[in-house]
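> Following is a predicted model, sequence given first.
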Amino acid sequence: MHAIQDHYPAEFAHCYGCGSANPHGLHLKSFIEGERTHARFTPAAMYSGGYPGNVYGGLLASLLDCHGTATAAAFAYRAQGRALGDGGAPIRFVTGSLKVDYKRPTPLGIELLIEGTLRSLEGRKAVIDLTLSADGEVCVTGEMLAVQFVAKA
Ligand SMILES: CCCCCCCCCCCCCC(=O)SCCNC(=O)CCNC(=O)[C@H](O)C(C)(C)COP(=O)(O)OP(=O)(O)OC[C@H]1O[C@@H](n2cnc3c(N)ncnc32)[C@H](O)[C@@H]1OP(=O)(O)O
């Protein structure tokens, strides 16, 4: 199964969080299934926060950031009756705002599950609800406003 990011055109594949063309990036891959999106990431020891054994909060925000914009793109394609990677003009979203709530420390070294749902899609604005869980426990929640990017002439 192709990830949502696998359909990003080459010029948008340099993102630190999810770009396949960034050799130093996280290479997050997000998938849409039904009314939910999901991605998985196992943080290595280098992503330590100040608290031993736990993940740096900025990394967690990065994971939500990329998963949220991918979620917005996937649901926008679906709303327009289009397939991801259909060869038409790409629907691109960027983060307008991202609120992150750290509910409990997130452990290093185990697979994290990041999930997204679409709360609303109106005009160019998509509101995405996000969670990040470890071992079935929600460690982080997020709320993103993703804005469809329109290239200025
Ligand atoms: C599948 C294939 C897809 C291809 C995708 C590849 C992409 C990969 C990308 C991977 C990315 C990875 C993730 C990343 O790293 S994304 C990188 C981090 N984000 C950015 O750099 C974005 C920087 N900001 C901008 O470019 C502009 O400000 C944007 C584009 C967001 C809007 O500027 P623009 O001049 O275009 O539009 P507008 O100002 O008329 O706003 C439009 C509407 O939005 C509302 N609004 C805006 N901001 C906020 C806010 N903070 N809170 C509340 N509301 C806000 C605004 O009120 C208005 O609402 P309304 O008045 O109409 O009701």
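Here it is on my side, so go on.
> Against residue 105, how distant is residue 50?
Per C-beta to C-beta, to the nearest Å, residue 50 is found 11 Å from residue 105. For the C-beta atoms, the positions are set from N, CA and C on the backbone; glycine is no exception.
> higher neighbour count, these two?
Per other C-beta atoms under 10 Å, whichever of residue 50 and residue 105 has more neighbours is residue 105, with 14 against 7.
> If you drop the residues flanking it in sequence, what lies closest to that one?
In space, and not counting its chain neighbours, residue 105 is closest to residue 54: 4.2 Å by C-beta to C-beta, 6 or more residues apart in numbering.
> For the one you found, list the residues it contacts.
By C-beta atoms under 8 Å, 6 or more residues apart in numbering, the residues touching residue 54 are 48, 105-108.
> By neighbour count, which of these wins?
Among the contacts of residue 54, residue 106 has the most neighbours (other C-beta under 10 Å), with 27 neighbours.
> helix, strand or coil for the residue nearest the centre of the chain?
Central residue of the chain (C-alpha atoms, centre = their mean): residue 67, 0.7 Å from the mean position. Of the three states, residue 67 takes helix under DSSP: H, G, I helix; E, B strand; the rest coil.
> hmm, stretch 86-93 touching the ligand?
Yes. Using C-beta under 6 Å from any ligand atom, stretch 86-93 reaches the ligand at 90-92.
> and which of the contacts of residue 54 is nearest to the ligand?
When these are ranked by distance to the ligand (C-beta to the nearest ligand atom), residue 106 comes first, at 19.9 Å.
> Just the element for residue 139, please.
Applying DSSP states H and E as the criterion places residue 139 in strand 137-148.
> Next: residue 97.
Element membership of residue 97 [criterion: DSSP H and E] is strand 93-102.
> What residues does this protein have near the ligand?
By C-beta under 6 Å from any ligand atom, the residues of the chain that approach the ligand are 4, 7-8, 12, 15, 17, 65-66, 69, 73, 84, 90-92, 94-97, 123-125, 145, 147, 149-150.
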